[in-house]
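1. Give me a model of this one.
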Amino acid sequence: MESSLNGPGATDTLERLGLSTVALAGKVAVVTGGARGIGEATAEALAYLGATIVIIDFREEGSTVAERLRQRYHAT
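-> Residues are numbered from 1 along each chain as shown. A predicted model of the protein is given here:
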């Protein structure tokens, strides 16, 4: 499943607002329901802002989203 943020979306909005990609560096965010929809978009926005993300979801797609964010934002 592709991110709901591909193309114009939340990360573009964050860039236009001038928010720093390290604004949340050193912070940890727990996102429930992060496998799709609003949870996925929230996880991606928080990752873009530099937070460490923990995705909790009963759907297996949560691990796919986590891996994609790990690759996109060079997280460990």
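
2. Contacts for the helix or strand of the chain with the lowest mean pLDDT next, please.
-> Every helix and strand of the chain was ranked by mean pLDDT, DSSP states H and E. The lowest is helix 10-16, at a mean of 73. Residues from elsewhere that reach helix 10-16, judged by Cβ atoms under 8 Å, 6 or more residues apart in numbering: L5, A41, E44, A45, Y48, L49. C-beta coordinates here come from the backbone N, C-alpha and C atoms, glycine included.

3. Compare those and tell me which has the most neighbours.
-> Neighbour tally across these (other Cβ atoms under 10 Å): the maximum, 26 neighbours, falls on E44.

4. my read: that one touches R70, true?
-> No: using Cβ atoms under 8 Å, E44 is not in contact with R70; the gap is 11.6 Å.

5. Following element in sequence after the least confident helix or strand of the chain, please.
-> strand 28-32 (DSSP states H and E).

6. Low-confidence regions, the chain specifically.
-> Low-confidence segments of the chain (pLDDT under 70): 1-10, 75-76.

7. Nearest residue to the middle of it?
-> E44 (1.5 Å; Cα atoms, centre = their mean).

8. and it, that's in a helix?
-> Yes: E44 sits within a helix when classified using DSSP: H, G, I helix; E, B strand; the rest coil.

9. What distance do you get for it to K27?
-> Applying Cβ to Cβ, to the nearest Å, the value for E44 to K27 is 15 Å.

10. quick one on the thing from earlier: so how far is E61 from the residue nearest to the centre of the chain?
-> Applying Cβ to Cβ to E44 and E61 gives a distance of 13 Å.
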